[in-house]
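have a look at this prediction, sequence included:
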Amino acid sequence: MKRLLILFSLTLLYICDARAQEKIILLNEGMWQADNGRLSYFEDGSIVSNQWFRDRNGMKLGDTPNDIIQINDTLIAIAINWSNIVQFINPDGKVVAATEDIPNNRRLCSDGEYVYVTSYGHECETIEGTVYFDKGFVAKIDISTFKVVATCEVGYEPEGIALYEGRLFVANTGGYAFEEGHEFETTVSIINAGTMTVEKTIDTGVPNLYGEMSQSERYLCINSPGDYYEVPPCGLIFDCKKALNNEDCVVVFDYPATYNTTTLDGKFFAVGSSFSYLTGEYEFSQLTIDPKEMMETGGERGLSESLPGTLKADFMNMNQPYGIYVNPYTGYIYGTDAGSFEGAGYLYQWSPDGQLLGKHKVYINPGHFLALPPDGHFDGISPLTASTFGEGIEEAVYDLQGRRLPTRLLPQSGSMKRSGIYIKNGKKTLYNR
């Protein structure tokens with residue numbers, strides 16, 4: 001009997017450990033101009049808190065947060081749009097610092113040393129002083145100082161941003177076309193992350209590249225809601241590698257991809273939300289997208305109007321789907337329902353094969369997710385290769401922005417050894433003092 005109890009206890013411990021791998025920070029946007037954004041924290045199959053930031057810090061998060069990313073083992077960034085703050089916290093929720101120099105900030109990405117932020121604004125405070133823009137811009141924050149060290153003007157109202165082989169890919173929306181004297185944007189700006197200059201601009205032929213933008217290695221999933229009147233919504237797959245090689249790099253499909261996420265096998269799940277001012281109604285779609293097959297076949301194959309398990313049916317039963325996310329460590333799937341947009345929403349959890357595990361009440365407009373690594377170790381730096389920046393280079397060393405280091409700056413042995421993270425022959429190497 002004693003042996004059976006021990007085995008039973010070990011089994012329970014294993015089950016609890018498996019469930020404890022799910023550690024999700026959920027970003028609730030709250031109501032615009034109500035200063036009521038919140039963080040929910042989900043673990044072990046239940047909501048730990050729906051005001052996690054206040055619990056940990058004794059203060060509000062801010063007004064209309066709209067993106068959250070992990071930078072390294074100890075640092076997370078949150079873009080708080082209407083508060084004009086990029087908030088930095090530890091994975092335990094404690095405040096580290098805040099950057100207040102980027103008004104109307106939107107989306108984030110990072111290479112582990114810098115955070116890149118898109119902004120709809122027209123000015124930014126930097127270490128060199130105030131910089132002004134006719135259109136929107138991308139700001140570069142040095143996480144060693146939390147100061148803006150560089151900026152780059154892109155299109156009007158830039159939204160999604162991703163990093164691939166030392167370049168930033170920025171989806172421009174032109175979303176203020178109704179208010180300002182410009183049209184909707186149709187472009188993706190490609191920025192050299194080291195020099196913060198635009199290398200090229202790709203015209204996708206699709207207007208208003210607004211909403212979530214997921215990345216699966218070289219592929220981006222981008223949404224277009226159209227113009228909400230005559231131009232219908234759609235989605236597109238963008239091939240970053242082909243864009244850099246000056247090849248055809250865009251495939252458009254006839255469904256919006258408003259809320260999308262990357263799966264463990266490199267595909268995309270998407271929930272499309274179509275709204276028309278002509279009808280005043282929403283229409284929803286659910287998709288699984290294989291970006292490689294879509295690109296290889298010119299969109300003839302690679303798209304399925306389905307999601308695994310009960311996901312499609314569960315999303316169809318929601319009042320207002322507001323997000324979808326796959327935990328990149330475990331494959332568990334999450335989605336949110338914003339309900340009326342004015343009251344508490346709900347977080348749904350599914351198993352990796354799409355079986356509904358639970359529905360949990362959260363806060364207003366729950367739209368953005370971040371899974372914490374189960375073992376506490378985060379490694380989100382994409383390796384840069386020498387061949388990316390020059391053919392035939394065998395022993396070149398690059399920093400994380402893809403800049404080749406001069407010989408005098410290369411890591412040395414002995415007392416002259418330098419510290420930092422470098423890329424050598426396509427492999428990340430850490431050099432300590």
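Alright, I've got the coordinates. Residues are numbered from 1 along each chain as shown.

I figured residue 46 hits residue 359, correct?
No: Residue 46 is not in contact with residue 359 according to CB atoms under 8 Å; the separation is 11.5 Å. Yep, even glycine has a C-beta here, placed from its N, CA and C like the rest.

surely residue 293 is within a strand?
No: under DSSP: H, G, I helix; E, B strand; the rest coil, residue 293 falls outside any strand and is assigned helix.

quick one: contacts for it?
301-302 (CB atoms under 8 Å, 6 or more residues apart in numbering).

ok, it to residue 268 distance?
12 Å (CB to CB, to the nearest Å).

now find how far off-centre stretch 100-116 is within its chain.
Relative to its chain's centre, stretch 100-116 lies at 11 Å (CA atoms, centre = their mean, to the nearest Å).

with stretch 276-284 instead?
27 Å.

quick one: contacts of that stretch?
For stretch 276-284, the external contacting residues (CB under 8 Å, 6+ apart) are 228-229, 271-275, 315-316, 320-321.

after the host helix or strand of residue 162, which helix or strand is next?
Using DSSP states H and E, residue 162 sits within strand 158-164. Using DSSP H and E, the helix or strand that follows strand 158-164 in sequence is strand 167-172.

so that following strand versus strand 158-164, what angle?
160 degrees (axes from the mean of the first three to the mean of the last three CA atoms, to 10 degrees).

list the strands paired with strand 167-172, with their directions.
Within its sheet, strand 167-172 is paired with strand 158-164 (antiparallel), strand 187-192 (antiparallel), according to DSSP bridges.

just say which of those strands is most tucked in.
For the strands paired with strand 167-172, the largest average neighbour count (mean count of other CB atoms under 10 Å) is found in strand 158-164, namely a mean of 25.

weed out the non-buried ones from the contacts of stretch 276-284.
By neighbour count, with 16 or more other CB atoms under 10 Å, these hold 271-275, 315, 321 as buried.

narrow those residues to those in strands?
271-275, 321 (DSSP state E).

would you map out the domains in the chain?
Here the domain assignment for the chain is 34-371, 387-431, based on automatic domain parsing.

what would those domains look like in a markdown table with mean pLDDT and distance to residue 27?
Converted to a markdown table, the domains of the chain look like this (pLDDT from 0 to 100; distance: least, CB to CB, whole Å):
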| stretch | mean pLDDT | distance to residue 27 |
| --- | --- | --- |
| domain 34-371 | 97 | 4 |
| domain 387-431 | 39 | 26 |
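
just these: most buried one?
domain 34-371 (a mean of 19).

gap between the strand holding residue 162 and the chain center?
Relative to the chain's own centre, strand 158-164 is displaced by 8 Å; criterion: CA atoms, centre = their mean.

contacting residues around that strand?
Strand 158-164 is contacted from outside by 106-111, 116-120, 136-138, 168-173, 175, 189, 193, 209-213, 215, 217-218, 220, 222, 240-241, 382, using CB under 8 Å, 6+ apart.

repeat the analysis, applying 6 Å as the threshold.
Contacting residues not belonging to strand 158-164 are listed as 106-107, 109, 111, 116, 118, 136, 168-173, 210, 213, 215, 220, 240 [CB atoms under 6 Å, 6 or more residues apart in numbering].
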